[in-house]
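J.: I would like to see how this sequence folds:
(one chain, ligands or ions: 1)
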Amino acid sequence: MALITNVSDYEELAKQKLSKMVYDFYALGAEDQRTLKENREAFSRILFLPRVLIDVSHINMFANVLGYNISMPIMVAPTALHKLAHPEGEVASARAAAAAGTIMTLSSWSSCSIEEVSSSGPGLRFFQLSVFKDRNFVQQLVRRAENAGYKAIAVTVDAPRLGHREADVRNRFSLPENVGLKCFEGLDLSNMDKNVSGLAAYVASQIDSSLSWKDIKWLQMITRLPILVKGVITAEDAQLAIECGVAGIIMSNHGGRQLDYLPSTISCLEEVVREAKGRVPVFLDGGIRRGTDVFKALALGASGVFIGRPVLFALAVDGEAGVRKVLQMLRDELETAMALSGCTSLKEITRGHVSTEGDRIA
Ligand code: FNR
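T.: Here you go, the predicted structure:
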């Protein structure tokens with residue numbers, strides 16, 4: 001096997017290994033996929049303004065997220081159906097995140113159960129909540145996450161319905177027999193039309209599109225866990241989220257899988273951070289493929305980042321070891337970016353270390 005030197009190498013290898021149906025499901029975005037591309041391109045327009053002659057012989061990358069100390073400001077985003085990549089599924093990803101000393105966010109659309117992941121070993125975990133029409137069921141999911149020791153609920157707010165992922169339509173995406181949506185086990189699925197839609201489509205139809213800010217209040221009433229809202233892009237919504245009393249904001253455009261022609265998350269970050277005024281941490285996901293991307297996000301005010309697809313591709317290629325390696329490569333790259341910028345800790349990374357002026361790029 002070719003020597004893997006960066007995160008994108010895993011995507012190439014995963015493309016060779018996975019079926020077209022699964023690779024496209026993981027890799028692609030909604031409609032024209034403009035947002036998917038922007039998430040990457042926007043990072044490449046941000047350049048470094050490093051400081052020199054600073055002692056960088058010791059670099060500390062510890063981050064604090066909601067009061068928890070983690071080894072680096074890079075966390076695992078919730079992504080659906082890890083068993084399509086590897087038979088150990090989310091359990092392998094969770095173990096890799098724990099080994100890296102960081103947080104894994106389990107998706108409501110996971111192929112291992114909440115409890116399977118929590119009993120896979122020690123580790124800090126968040127639970128991503130999709131709010132379904134059946135609120136008793138939602139309450140049960142939250143209760144299960146609490147009981148299993150998850151530390152926060154990241155409620156997804158950019159998906160009142162699923163975006164048009166045309167590749168999935170063309171490929172007639174469906175779940176193989178041996179992969180299920182484990183959060184839904186035990187639920188009465190008797191109304192489901194098994195022939196036409198299948199489980200994934202049935203679950204998608206159960207998303208509550210009436211979800212609104214008052215439901216964030218409701219969530220706060222049913223759980224003692226901190227609530228993060230995942231999918232905020234604008235300063236206006238950041239303000240509303242803070243008024244609701246959320247514990248933090250995850251800026252996300254769902255990796256370009258929901259509404260297309262959204263700007264990249266990184267290009268909206270400063271506005272949201274300005275609005276937040278330090279009242280809550282602002283995290284970001286979307287297009288992070290390099291340690292330099294992490295540095296840029298921190299320089300523009302993020303308290304940490306989440307990675308989605310890189311975990312899936314590494315899992316597909318080499319299971320838990322692959323995910324460990326992806327996290328290690330990003331960590332090493334961030335450390336190098338810090339050293340070469342003259343920063344010895346995360347708090348030393350400032351706005352002055354990057355330039356967002358496109359005209360500096362030839
Ligand atoms: C996702 N994402 C996602 N988000 C969420 O809140 N619940 C989910 O179940 C999923 N599922 C999911 C599946 C797949 C295959 C992908 C690629 C993404 C979005 C995810 O949390 C995150 O926002 C993006 O993946 C971040 O972008 P990158 O890192 O993939 O570029």
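J.: contacts and neighbour counts: CA atoms only from here.
T.: OK.
J.: pLDDT score for residue 185?
T.: If you check residue 185, the pLDDT there is 79.
J.: who touches residue 70 in this structure?
T.: Listed by C-alpha atoms under 8 Å, 6 or more residues apart in numbering, the contact set of residue 70 reads 62, 63, 64, 101, 102, 103.
J.: what parts of the stretch 201-350 of the chain come near the ligand?
T.: 252, 254, 255, 285, 286, 287, 288, 307, 308, 309 (C-alpha under 6 Å from any ligand atom).
J.: give me the beta-bridge partners of the residue nearest to residue 225 when sequence neighbours are not counted?
T.: Nearest residue to residue 225 in three dimensions, chain neighbours excluded: residue 152, at 5.2 Å (C-alpha to C-alpha, 6 or more residues apart in numbering). Going by DSSP bridges, residue 152 is paired in beta bridges with residue 126.
J.: check which helix or strand residue 237 maps to.
T.: helix 235-243 (DSSP states H and E).
J.: ok, residues contacting that helix?
T.: When contacts are defined by C-alpha under 8 Å, 6+ apart, helix 235-243 is touched by residues 213, 229, 232, 248, 249, 271, 272, 275, 276, 279, 280.
J.: can you list the buried residues in stretch 113-131?
T.: Using 16 or more other C-alpha atoms under 10 Å as the test for burial, stretch 113-131 gives 113-115, 117-118, 123-131.
J.: now it: mean pLDDT?
T.: The average of the pLDDT scores along stretch 113-131 is 97.
J.: who wins on neighbours among the residues of the stretch 201-350 of the chain next to the ligand?
T.: For those, counting by other C-alpha atoms under 10 Å, the largest number of neighbours falls to residue 285: 29 neighbours.
J.: contacts only, for the residue nearest to that residue when sequence neighbours are not counted.
T.: Of all residues not flanking residue 285 in the chain, residue 306 sits nearest, at 4.9 Å (C-alpha to C-alpha, 6+ apart). Applying C-alpha under 8 Å, 6+ apart to residue 306 gives the contacts 74, 75, 76, 77, 283, 284, 285, 286, 288.
J.: let's see it at 6 Å
T.: 74, 75, 76, 77, 285 (C-alpha atoms under 6 Å, 6 or more residues apart in numbering).
J.: hey, what's the third one bridged with?
T.: By that I understand residue 76. residue 104, residue 307.
J.: make sure it is actually in contact with residue 104.
T.: Yes. Counting by C-alpha atoms under 6 Å, residue 104 is a contact partner of residue 76 at 4.7 Å.
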